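Enquirer: Dropping a prediction and its sequence here:
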Amino acid sequence: MEPQTAPELSFVWYEMEHWLWLIAGATSTFLWIRIGKAQRNDQKQQQLGLIMSLIPAILWIGIALYMVFYDDPFDIGLVLPFHVCYFLNLLMPFMLWRRSYFLFEISYFMVMGGCIQALITPDILTTFPDYINIRYFVVHICLVQSVLYAIFVFGFRPTWKSFGKSLLWTNIYLLFVICLNALLGTNFMYLKEKPTTTTMLDLFGEWPWYIIGGEFLAFAIFSLLMLPFMFSRKKESG
């Protein structure tokens, strides 16, 4: 969870603000995809995707710099982009600008498996217009938006080979973050302790069991994320 100073109002799941963020995210995603599909050539689709994905990346960097200069003391866990969603947020402009299928393969499972849960069960305390609240929702919404843009505008589709690549790179990144947490005393990817809000990791107990359980959970979620494409291929071949 992002450590925050206690706000006057606490964010509550599925009250008006939460629903407004979800509705805004769904509307924004629909519009970007529709505009992208209306473009007449690949270059324009890529340029539009780049603009779309730069918005959350620039927002994240801007808020991180604001905290460095104006929060005293600033929390290093908030200004370094090593929670996996924030790291992927900075990669999305490259994926859409370069039309990179490799980055899509890696990010599809991480984004759809992680960000959707983050939007459904937000791990956040502050309410709008707090900058932590804005960053949290804009980044997670736009990550899902970028991946869906690649699917519906670029026509990208994950394969079982993509599944294996994503699991491999997820665990490579996990090992890197374990070392980083030990060095900096941070809790990126919740590898030192679980979020304080309710998550599926609670099913597996305390550290280190929830990390091991999380590996099996990731495998199951990644597998489920392949199902829509398996069914669509069977329908096409049938």
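Expert: Arrived safely.
Enquirer: so where do the helices sit in this structure?
Expert: Secondary structure of the chain (DSSP state H): helices located at 16-38, 42-70, 76-79, 84-97, 101-120, 131-152, 160-184, 209-237.
Enquirer: what would those look like in JSON lines with mean neighbour count and distance to residue 199?
Expert: Any C-beta I mention is one placed from the backbone N, CA and C, and that applies to glycine too. JSON lines is the format used below for those (neighbours: other C-beta atoms under 10 Å; distance: least, C-beta to C-beta, whole Å):
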{"stretch": "helix 16-38", "mean neighbour count": "15", "distance to residue 199": "16"}
{"stretch": "helix 42-70", "mean neighbour count": "16", "distance to residue 199": "22"}
{"stretch": "helix 76-79", "mean neighbour count": "16", "distance to residue 199": "18"}
{"stretch": "helix 84-97", "mean neighbour count": "21", "distance to residue 199": "14"}
{"stretch": "helix 101-120", "mean neighbour count": "20", "distance to residue 199": "7"}
{"stretch": "helix 131-152", "mean neighbour count": "22", "distance to residue 199": "14"}
{"stretch": "helix 160-184", "mean neighbour count": "15", "distance to residue 199": "17"}
{"stretch": "helix 209-237", "mean neighbour count": "14", "distance to residue 199": "9"}
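Enquirer: Just tell me which of those helices ends up closest to residue 193.
Expert: Taking C-beta to C-beta, helix 209-237 is the member of those nearest to residue 193, at 9.1 Å.
Enquirer: In terms of secondary structure, what does that closest one contact?
Expert: helix 101-120, helix 160-184 (3 or more C-beta pairs under 8 Å, 6 or more residues apart in numbering; DSSP states H and E).
Enquirer: Using JSON lines, lay out those together with distance to residue 142 and mean pLDDT.
Expert: Converted to JSON lines, the helices and strands packed on helix 209-237 look like this (distance: least, C-beta to C-beta, whole Å; pLDDT from 0 to 100):
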{"stretch": "helix 101-120", "distance to residue 142": "9", "mean pLDDT": "93"}
{"stretch": "helix 160-184", "distance to residue 142": "20", "mean pLDDT": "95"}
